[in-house]
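Enquirer: fold the following, please.
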Amino acid sequence: MALSAQDKILYVANKLGLSTLGQMQGSTGAVYDVDTDLSGQIFSSASRHQNPGTTNVTENQFEVNEALLVENIAFYVKNAAGEVVNFQSAYGSNAVIVFDLVIGNKRVMKDTPIFASGSPYTFANVATINDTIGEDLANIVIPRHQVFMEGAGVLIPPQVQWYVDYRIFNVVTGATIAASDDTAVGCYLFGTRVLLNFNTTI
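Expert: All right, here's what the predicted structure looks like:
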């Protein structure tokens, strides 16, 4: 029998002694942030951003009885004007992001690759589309550069700090690609989010 998202949230909550988590309402949710400092870390400085065009979190930890079960992680690139641009056009078709997801002091995902050109297909939605809007625009607006969690995902529990470490490499030469002052890499974590609600259970 498959483990549902709610089952995993409750299982982890019970292990952590969070007995009231079962009295919460669950729905889809997402958090996002942009590495405007070009530090190689996302979410760790979210408290300084305070701009919905850059982030939707005020700190990189959830409140008491708030959690996110991450089922999808995606990356995007913003230019100096704050517009989302194609990762491949910004860093080249040989670019690959390698990232770690750190929750507390544990790396729960390590050295996970995301390829700019959407290959291998396991790690990205290739976004191939043929219509009148043109290939470049289609590649920008269709979700790409993401990892889908198999099974029940990874839980970020309440009151535990988290962040994403990332590096960009040239997958052909192995050289590190330095972050450009003209661009900034962003990341969003999407999945099942639970919030305190005394009238509804998950």
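Enquirer: can you give me the helices in the protein?
Expert: Remark: helices assigned in the chain by DSSP state H are 5-16, 46-49, 87-91, 135-141.
Enquirer: buried residues in the second one?
Expert: Spelled out, it's helix 46-49. Judged by neighbour count using 16 or more other C-beta atoms under 10 Å, the buried positions of helix 46-49 are 46, 49. Every residue, glycine included, has its C-beta placed from N, CA and C.
Enquirer: so which other helices or strands are in contact with that helix?
Expert: In this structure, helix 46-49 packs against strand 24-34, with contacts taken as 3 or more C-beta pairs under 8 Å, 6 or more residues apart in numbering; DSSP states H and E.
Enquirer: for the protein, which segments count as strands?
Expert: Per DSSP state E, the chain carries strands over the ranges 24-34, 41-42, 67-79, 84-85, 95-103, 106-115, 146-148, 154-156, 162-170, 183-196.
Enquirer: switch the ones you listed over to JSON lines; also include mean neighbour count, distance to Thr55 and mean pLDDT.
Expert: Output for those, formatted as JSON lines (neighbours: other C-beta atoms under 10 Å; distance: least, C-beta to C-beta, whole Å; pLDDT from 0 to 100):
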{"stretch": "strand 24-34", "mean neighbour count": "18", "distance to Thr55": "4", "mean pLDDT": "78"}
{"stretch": "strand 41-42", "mean neighbour count": "22", "distance to Thr55": "9", "mean pLDDT": "94"}
{"stretch": "strand 67-79", "mean neighbour count": "21", "distance to Thr55": "12", "mean pLDDT": "86"}
{"stretch": "strand 84-85", "mean neighbour count": "15", "distance to Thr55": "14", "mean pLDDT": "77"}
{"stretch": "strand 95-103", "mean neighbour count": "20", "distance to Thr55": "17", "mean pLDDT": "92"}
{"stretch": "strand 106-115", "mean neighbour count": "15", "distance to Thr55": "20", "mean pLDDT": "87"}
{"stretch": "strand 146-148", "mean neighbour count": "17", "distance to Thr55": "18", "mean pLDDT": "68"}
{"stretch": "strand 154-156", "mean neighbour count": "22", "distance to Thr55": "15", "mean pLDDT": "88"}
{"stretch": "strand 162-170", "mean neighbour count": "20", "distance to Thr55": "12", "mean pLDDT": "94"}
{"stretch": "strand 183-196", "mean neighbour count": "21", "distance to Thr55": "9", "mean pLDDT": "84"}
